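Engineer: coords please:
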Amino acid sequence: MKREKQIKESKDMIKNALFRLLEVKDLKEITMSEIAEEAGLVRMTLYRHFKEKEQIILYCFETYLQQALIEIGNQKDPSVNDLLRFRFKVLKESPYTNLLMKCNQLDKLSQRIGKKFSDNFRDIMPSIDDIYVKDFIGGGIDAITIRWVEGGMEESYVVMADKVTMILQLLSD
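Structural biologist: Okay, the predicted model is just below:
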């Protein structure tokens, strides 16, 4: 338990250092050495946790997502639309989504959020047991999500969830 606490503290120091640097520099200009120095750590410690700076931002998003998932976990029997609304809401409200887009990490972002939601979808849509159909649906949701983020997330998360729900209903007819 003590080791886990140390790891979390190191990761938090790294995260905080990166965001302090982002206040004065663009992400592309920041080096891993600068992050380690700002965090007061040796580079080896930084690289033990993160191989590249984009992984730090993905870590931040995952931490944010874990906190947000508590909210959906408290809902009794959420519908597909509820899960989709939550997915789009998390992305819209996350302070990390645009940063991940700027560093070309939307595919990884989408994969991470998709993994967190796949169990919920499996529970809600147990009739879909074909792996190819599941991959098709997941890939479509990911593609729509990425297009929405790249487009500036102008539509509300409610509108986006309703659009995807409508598409899923068309597929099930």
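Engineer: right, and the helix or strand after the lowest-mean-pLDDT helix or strand in the chain?
Structural biologist: Here the helix or strand of the chain ranked lowest by mean pLDDT, DSSP states H and E is helix 106-124, holding a mean of 74. Going down the chain from helix 106-124, the next helix or strand is helix 131-150, by DSSP states H and E.
Engineer: got the buried residues for that following helix?
Structural biologist: Residues of helix 131-150 classed as buried by neighbour count (16 or more other CB atoms under 10 Å): 137, 138, 141, 142, 144, 145, 146, 148, 149. Placement of C-beta: from N, CA and C, glycine included.
Engineer: would CSV of those with distance to residue 57 and pLDDT be doable?
Structural biologist: Formatted as CSV, the buried residues of helix 131-150 follow (distance: CB to CB, whole Å; pLDDT from 0 to 100):
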residue, distance to residue 57, pLDDT
137, 27, 85
138, 23, 85
141, 22, 91
142, 18, 91
144, 22, 95
145, 17, 94
146, 16, 94
148, 19, 96
149, 14, 95
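Engineer: chain neighbours aside, what residue packs nearest to residue 75?
Structural biologist: Residue nearest to residue 75 in three dimensions, not counting chain neighbours: residue 82, with 6.4 Å by CB to CB, 6 or more residues apart in numbering.
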